[in-house]
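Visitor: what's the 3D shape of this:
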Amino acid sequence: MAAARGWPRRLAAAAGALPGGGGPGRAPGPAPDTAAPATAALYVHWPYCRKRCSYCNFNTYVVPAVDEAAVRACLVREAQTLLRLSQVHSVTSVFFGGGTPSLASPGTVAAVLEAVAGAAHLPAGAEVTLEANPSSTSASVLDGFRAAGVNRLSIGVQSLDDAELRMLGREHTVAEARKAVEAARGLFPGRTSIDLLFGLPGQSRDAWAQRLEATLRLCDDHISLYQLTLERGTALAAQVRAGALPAPPQDLLADMYHTARSVLGAAGFRHYEVSNFARKGALSTHNLSYWRAEQYIGVGPGAHGRFVLRAEGGCSREARVQTPEPVAWMREVQSQGHGTRSRAVLSPLEQLEELLTLGLRTDEGITQERWGHFSPQLSLQAVFGGPGEARALQQEGWLVLDGGGLRCTWAGLAVLDSLLPALLWQLQRVLGTARHPPREAPAEERAGGGARGL
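Guide: You can find the predicted model right below:
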């Protein structure tokens with residue numbers, strides 16, 4: 001689920017909670033991105049679905065027919081244009097997200113990958129992930145995607161209960177989900193991930209425990225768990241707001257998250273990111289690029305990117321968003337080679353805020369080396385080692401700062417959203433840009449925050 005379509009919105013919510021967030025400030029300038037080899041991950045957005053799920057507010061469209069040839073040509077052209085503008089010499093990974101990219105033909109995936117390999121180096125064996133719905137993943141279709149160059153699948157199972165799937169508006173049944181995962185594991189052994197939702201209206205603690213046990217009997221070596229967010233404007237949120245469905249209480253959500261961490265940990269899974277678990281080293285290379293604040297290029301309607309425009313003489317990273325509506329996006333790509341709707345140079349402070357917000361989502365946290373790339377003149381110790389919020393969080397057992405870097409403890413990772421305002425405030429204060437103190441998160445909120453905001 002998490003790809004270049006979603007992170008910037010969450011970042012804005014975290015940093016925007018602080019009035020001083022995002023300003024130009026007096027932050028020490030980051031090491032220019034042009035000093036390092038030009039590499040980037042690539043996200044490709046396929047915006048179409050057969051139907052809209054009841055909880056979905058992603059940039060997706062349900063249309064009577066898709067002119068796939070036209071969409072393919074535009075994806076190819078935009079990928080070529082943005083790779084040229086970025087002067088990226090090597091693409092580290094490719095992720096086809098959506099929407100439902102498994103509705104595209106393998107020929108479209110192959111054409112995009114050929115364009116990427118023609119415009120930059122795409123190493124043999126580079127991770128190429130395709131998001132897929134169980135309802136559009138027969139063994140023959142998956143074999144076609146494998147032949148096109150896909151070597152990793154992310155399957156949107158979401159639930160292993162038929163009643164829950166109907167409530168979520170999913171097309172598939174549990175039987176179809178099982179069949180799809182089994183087929184995927186046969187074709188992509190060790191490289192099949194499944195998405196699962198928890199905190200559904202009416203879902204009990206016992207029901208969730210049963211879903212986890214069923215998941216362990218089915219899954220491969222990677223699982224993404226997301227707390228259901230009731231987004232404004234979705235059918236499911238309207239049902240809950242009208243009282244037709246119950247909203248799960250916060251303490252239950254925290255218990256569900258804790259149960260998942262414990263059950264998956266006992267099964268050999270490493271909880272390597274707030275929402276992601278892997279065993280046998282099957283971490284998502286592509287998503288690690290986001291969490292490590294590396295460059296990424298977003299191609300397709302509504303895709304986001306973070307990269308330097310070296311071809312235009314740029315030396316600072318830009319935040320870019322492509323035009324969300326597919327028809328308008330295609331017109332722009334056809335006329336100018338890309339459909340970029342907005343672009344903004346990120347200030348040194350904004351880059352450090354993104355590094356902090358994303359890096360702390362992982363169990364490795366923010367290494368000293370990675371921080372030094374963005375802040376060569378002011379170390380992690382200088383920013384977070386002195387008296388202040390970070391030291392208090394360390395003393396409370398939520399955070400660790402040592403020679404390895406800055407990271408959450410096992411307990412802190414579960415309540416990251418409640419820790420970030422204080423850390424962002426301290427960052428801004430040390431860099432001389434903060435204006436107002438953050439709201440202090442009560443101790444009980446930090447203790448019971450669960451997986452809020454995923």
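Visitor: Check which residues of stretch 248-262 are buried.
Guide: 248, 252, 253, 254, 255, 256, 257, 259, 260, 261 (16 or more other CB atoms under 10 Å). (C-beta placed from N, C-alpha, C; glycine too.)
Visitor: which residues sit against stretch 333-345?
Guide: Residues external to stretch 333-345 that are found in contact with it (CB atoms under 8 Å, 6 or more residues apart in numbering): 74, 77-78, 80-82, 85, 301, 314, 316-324, 328-332.
Visitor: returning to that earlier point: sort the buried residues of stretch 248-262 by pLDDT and name the bottom one.
Guide: Comparing pLDDT over these, residue 248 scores lowest. The value there is 91.
Visitor: quick one: the nearest residue to that residue once chain neighbours are set aside and residue 419, what's the gap?
Guide: Taking CB to CB, 6 or more residues apart in numbering as the measure, residue 248 lies nearest to residue 199, with 5.0 Å between them; neighbours along the chain are not counted. Taking CB to CB, to the nearest Å as the measure, residue 199 falls 20 Å from residue 419.
Visitor: higher neighbour count, these two?
Guide: Neighbour tally, residue 199 and residue 419, criterion other CB atoms under 10 Å: the higher count belongs to residue 199, 25 against 22.
Visitor: Quick one: distance of the longest helix belonging to the chain to the chain centre.
Guide: Selection of the longest helix in the chain by residue count, based on DSSP state H, yields helix 68-86. Between the centre of helix 68-86 and the centre of its host chain there is 22 Å, according to CA atoms, centre = their mean, to the nearest Å.
Visitor: Return the set of buried residues in it.
Guide: Along helix 68-86, these residues count as buried under the neighbour rule (16+ other CB under 10 Å): 71-83, 85-86.
Visitor: and what of stretch 394-410?
Guide: So stretch 394-410, judged by 16+ other CB under 10 Å, has buried residues 394, 398, 399, 401, 405, 406, 407, 408.
Visitor: With respect to residue 371, which of the buried residues of stretch 248-262 is nearest?
Guide: In terms of CB to CB, no member of those lies closer to residue 371 than residue 261, at 26.6 Å.
Visitor: Let's verify the closest residue to the closest one other than its chain neighbours: helix, strand, or coil?
Guide: In space, not counting the residues next to it along the chain, residue 261 is nearest to residue 271; the distance is 5.6 Å by CB to CB, 6+ apart. Judged by DSSP: H, G, I helix; E, B strand; the rest coil, the three-state class of residue 271 is strand.
Visitor: do the same with the one 10 residues further on
Guide: Here residue 281 is recorded as coil under three-state DSSP.
Visitor: Count the neighbours of it for me.
Guide: 8.
Visitor: Need phi/psi at it.
Guide: Summarising the backbone geometry of residue 281 under the convention degrees, to the nearest 10, its torsions are phi 70, psi 20.
Visitor: Check residue 350 too.
Guide: Taking degrees, to the nearest 10, you get phi -60, psi -40 for the backbone angles of residue 350.
Visitor: Count the residues that sit near it.
Guide: Once other CB under 10 Å is used to define contacts, residue 350 is seen to have 21 neighbours.
Visitor: Repeat that for residue 344.
Guide: Around residue 344 there are 11 residues (other CB under 10 Å).
Visitor: Likewise for the one 10 residues further on?
Guide: Each residue near residue 354 was counted by other CB under 10 Å, and the total is 24.
Visitor: hang on, it in a helix?
Guide: Yes - the secondary structure assignment for residue 354 places it in a helix, going by three-state DSSP.
Visitor: Quickly note the distance from it to residue 251.
Guide: Distance of residue 354 to residue 251, given as CB to CB: 31 Å.
Visitor: Over to residue 154?
Guide: According to CB to CB, residue 154 stands 30 Å off from residue 251.
Visitor: ok, back up a step: Serialize the buried residues of stretch 394-410 to JSON lines and add fields for distance to residue 339, secondary structure and pLDDT.
Guide: As requested, the buried residues of stretch 394-410 are arranged in JSON lines below (distance: CB to CB, whole Å; DSSP: H, G, I helix; E, B strand; the rest coil; pLDDT from 0 to 100):
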{"residue": "394", "distance to residue 339": "45", "secondary structure": "helix", "pLDDT": "96"}
{"residue": "398", "distance to residue 339": "42", "secondary structure": "coil", "pLDDT": "98"}
{"residue": "399", "distance to residue 339": "41", "secondary structure": "strand", "pLDDT": "98"}
{"residue": "401", "distance to residue 339": "42", "secondary structure": "strand", "pLDDT": "97"}
{"residue": "405", "distance to residue 339": "37", "secondary structure": "strand", "pLDDT": "97"}
{"residue": "406", "distance to residue 339": "37", "secondary structure": "strand", "pLDDT": "98"}
{"residue": "407", "distance to residue 339": "38", "secondary structure": "strand", "pLDDT": "98"}
{"residue": "408", "distance to residue 339": "37", "secondary structure": "strand", "pLDDT": "98"}
